[in-house]
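1. Sequence and predicted model, in that order:
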Amino acid sequence: TSRADASGLKVVITAGPTREPIDPVRYLSNHSSGKMGYALAEAAARLGAEVTLISGPVNLPTPVGVTRIDVTSALDMFEAANHQAENSDVFIGCAAVADYRVAKAAEHKIKKTSDRDDLTLTLVKNPDIIAEIAARARSTGYPLVVGFAAETRDVETYANDKLTRKGLDMIVANDVSQDGLGFGSDHNAALLLWRDTSGHPTQRRELPTQTKSEMAVAILDTILERLAERQDT
Ligand code: PMT
C-alpha cells in the first residue's frame, strides 16, 4: 500500500497551553502538555511536509525537521499564527488557548491583604485564533483549517457547533473527561467531523483509543484526503 505523502505542503500547527499573566509571578493556564500537537508535527514532518509548530510553554523536545516558534500568551500565539498561516496549506489548532485573559496584569506582585478575604480578577475575552484564520481562508479555500474540541460532555453536539460557529473545515473532538486520555496522557480517543465542499451532511470518522502518535497519523491521513478532494473539484 502506498503511504500518504505531504511533501510540498506547508503545515502550521499550534500546541500546548497558553499562559495568561496575572502579575509578574502568576498566571492562568491549563493542563495541556503539548503531546498531541507535537505528535502531529512529528507525523507531518515524516510525511514530508514543511512544518511550523507554534508552541506554548511545554517540556517536549522539538521534533526532527520541524521549525518551532515559542509563545506564551494567547495574544502572542494569535500574532504568530496569523503570520504563519499566510501562504500555508493546512492550519491545525491543537493548542488549548485560554478563552480569557486578565484585563490588566498587575505590574508588581499582588500582595495578600489583611482587610479582605476575597480578590476579584477581571477577565476579558481573547481573540479566537482559529476562527479568525478560518474567516480569512474562506475566500481562497486555503489553508484547510482543522480545529480540536476538548469537551467533557455531549462531545458530538458541542464539536459540531464549534465546526460551524468557527467556520472550520474539520474538527477533532476529544472527550477530556475520560481517565488516561486527552490532557497530559500519551493516549487519546476522538471523533473527526468534517463537511465536504458540496454541502453534504457532516461526515464522521471515529478514532478509538490509541497513542497520540498513531492518532496523529490517522488525522493527517484524513486531512490529506480532504485536500485531494478539494483539488479535484
Ligand atoms: O496537549 P495534550 O496534553 O497532548 O492534550 C491535547 C489536548 C486535549 C489539549 C488537545 O487534544 C485538544 O483538545 N486541544 C484543543 C483544546 C481546546 O482548547 O479546545 P477548545 O474546545 O477550547 O477550543 C476549540 C478550538 O478553538 C481549538 O482548535 C483551539 O485551539 C481553538 N481556539 C480556542 C480558543 C481561542 N481563543 N482560540 C482558538 O484558536
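-> That came through, no problem. Numbers count the residues shown, from 1 in each chain.
2. so what's the residue sitting nearest the centre point of the chain scoring on pLDDT?
-> By C-alpha atoms, centre = their mean, the chain has its centre lying nearest to Cys94, at 1.8 Å. Note for Cys94: predicted pLDDT of 98.
3. And Gly199, by the same measure?
-> The per-residue pLDDT of Gly199 was computed as 64.
4. same deal with Arg136?
-> Note on Arg136: pLDDT of 96.
5. And for Asp175?
-> 88.
6. which ones are touching it?
-> When contacts are counted by C-beta atoms under 8 Å, 6 or more residues apart in numbering, Asp175 touches Glu151, Thr152, Val155, Leu181, Gly182, Ala189. No exception for glycine: its C-beta is placed from N, CA and C like everyone else's.
7. with those residues in mind, which one is nearest to Ala173?
-> Among the contacts of Asp175, Val155 lies closest to Ala173 (C-beta to C-beta), at 5.1 Å.
8. Tell me if I'm right that that closest one and Leu191 touch.
-> Yes - contact criterion C-beta atoms under 8 Å: Val155 and Leu191 qualify, at 6.6 Å.
9. who touches both of those two?
-> Shared contacts of Val155 and Leu191 (C-beta under 8 Å, 6+ apart): Ala173.
10. mind listing what the residue nearest to the centre of the chain touches?
-> Residues near Cys94 by C-beta under 8 Å, 6+ apart: Ile13, Thr14, Ala15, Met36, Gly37, Leu40, Phe148, Val172.
11. Tell me the spacing between it and the ligand.
-> Cys94 sits 5 Å away from the ligand, taking C-beta to the nearest ligand atom, to the nearest Å as the criterion.
12. Check Ser32 too.
-> For Ser32, the distance to the ligand equals 4 Å [C-beta to the nearest ligand atom].
13. mind listing what that residue touches?
-> Ser32 sits next to Ala15, Gly16, Pro17, Gly56, Val58, Ala95, Ala96, Phe183, Gly184 when contact means C-beta under 8 Å, 6+ apart.
14. now do Leu192
-> Counted by C-beta under 8 Å, 6+ apart, Leu192 has contacts Met170, Ile171, Val172, Ala173, Arg204, Arg205, Glu206, Leu207, Ile219, Thr222.
15. Let me know whether the fifth one touches Leu191 as I believe.
-> Yes - counting by C-beta under 8 Å, a contact exists between Arg204 and Leu191, whose distance comes to 6.2 Å.
16. Quick check: closest non-adjacent residue to Val71.
-> Met77 (4.6 Å; C-beta to C-beta, 6 or more residues apart in numbering).
17. I'd say that neighbour and Ala95 touch.
-> Yes - counting by C-beta under 8 Å, Met77 touches Ala95, with 6.4 Å between them.
18. what do these two both touch?
-> Thr14, Thr18, Ile54, Gly56, Ile129.
19. For the ligand, tell me which of the residues you listed show up nearby.
-> Residues shared between the shared contacts of Met77 and Ala95 and the neighbourhood of the ligand are Thr14, Ile129 [C-beta under 6 Å from any ligand atom].
20. biggest separation within the shared contacts of Met77 and Ala95, which pair?
-> Gly56 and Ile129 (11.6 Å).
21. any residues in contact with both of these two?
-> The contact sets of Gly56 and Ile129 overlap at Thr14, Met77, Ala95 (C-beta under 8 Å, 6+ apart).
22. quick one: which of these has the most company?
-> Counting neighbours by other C-beta atoms under 10 Å, Thr14 leads these with 34 neighbours.
23. For that one, name its beta-bridge partners.
-> Ile54, Gly93 (DSSP bridges).
24. Test my guess that it contacts Ile133.
-> No - using C-beta under 8 Å, Thr14 is not in contact with Ile133, being 9.9 Å away.
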